[in-house]
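> let's see this in three dimensions:
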Amino acid sequence: MTMPRTDPRAPTDAPVPASTPPTPPALPAERRGVGTIVLLVLAPLLCCGGPLILVALAAASAATLATLGGVIGGLALALGGVAWITRRRRGAAACCAPGPRAWWR
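Okay, the predicted model is just below:
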């Protein structure tokens with residue numbers, strides 16, 4: 001026994017039995033794009049893990065800014081020290097008689 005309209009030997013213009021509901025016309029195959037995957041994966045993650053993601057991003061950002069600030073601060077301190085030592089040596093040399101030159105100058 002076969003289901004109605006599935007027998008390949010049946011003529012195509014055969015009447016459909018009254019008990020079978022009409023079938024809707026066939027739609028073209030739909031392709032699921034990246035949007036569907038994003039919704040299926042990221043929606044629960046953002047819903048349940050959103051606060052955790054925000055905390056992790058904030059901690060990483062703060063650590064990066066602290067490291068960058070430390071490096072910039074260290075460079076500024078070193079440049080300020082070099083400028084201060086250079087001015088002090090030039091100022092001392094301008095008012096006094098020249099002394100013996102050291103091996104490192």
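
> please count neighbours and contacts with C-alpha atoms only from this point.
Fine.

> pLDDT value on Pro44, please?
As predicted, Pro44 sits at a pLDDT of 74.

> in this protein, where is pLDDT below threshold?
Within the chain, the ranges that satisfy pLDDT under 70 run 1-22, 26-32, 91-99, 102-105.

> can you give me the helices for it?
Here the chain has its helices, by DSSP state H, at 34-95.

> and Ala58, how far from Arg88?
44 Å (CA to CA, to the nearest Å).

> now Arg101
Distance from Arg101 to Arg88, by CA to CA: 16 Å.

> the more surrounded of the two?
Arg88 (11 against 7; other CA atoms under 10 Å).

> got the CA positions of stretch 51-71 in PDB?
The C-alpha trace of stretch 51-71 is given here as PDB (Å, rounded to 0.1, in the frame of the first residue of the first chain):
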ATOM      1  CA  PRO A  51      27.500  40.300  32.700                       C
ATOM      2  CA  LEU A  52      30.400  37.900  32.800                       C
ATOM      3  CA  ILE A  53      31.600  39.000  29.400                       C
ATOM      4  CA  LEU A  54      31.300  42.600  30.300                       C
ATOM      5  CA  VAL A  55      33.400  42.100  33.500                       C
ATOM      6  CA  ALA A  56      36.000  40.200  31.600                       C
ATOM      7  CA  LEU A  57      36.300  42.900  29.000                       C
ATOM      8  CA  ALA A  58      36.500  45.600  31.600                       C
ATOM      9  CA  ALA A  59      39.200  43.700  33.500                       C
ATOM     10  CA  ALA A  60      41.200  43.200  30.400                       C
ATOM     11  CA  SER A  61      40.800  46.800  29.400                       C
ATOM     12  CA  ALA A  62      41.900  48.100  32.900                       C
ATOM     13  CA  ALA A  63      44.900  45.800  32.900                       C
ATOM     14  CA  THR A  64      45.900  47.000  29.400                       C
ATOM     15  CA  LEU A  65      45.500  50.600  30.400                       C
ATOM     16  CA  ALA A  66      47.500  50.100  33.600                       C
ATOM     17  CA  THR A  67      50.300  48.500  31.800                       C
ATOM     18  CA  LEU A  68      50.400  51.100  29.100                       C
ATOM     19  CA  GLY A  69      50.200  53.900  31.700                       C
ATOM     20  CA  GLY A  70      53.100  52.300  33.600                       C
ATOM     21  CA  VAL A  71      55.200  52.200  30.400                       C
END
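
> that concludes my questions; thank you for your assistance.
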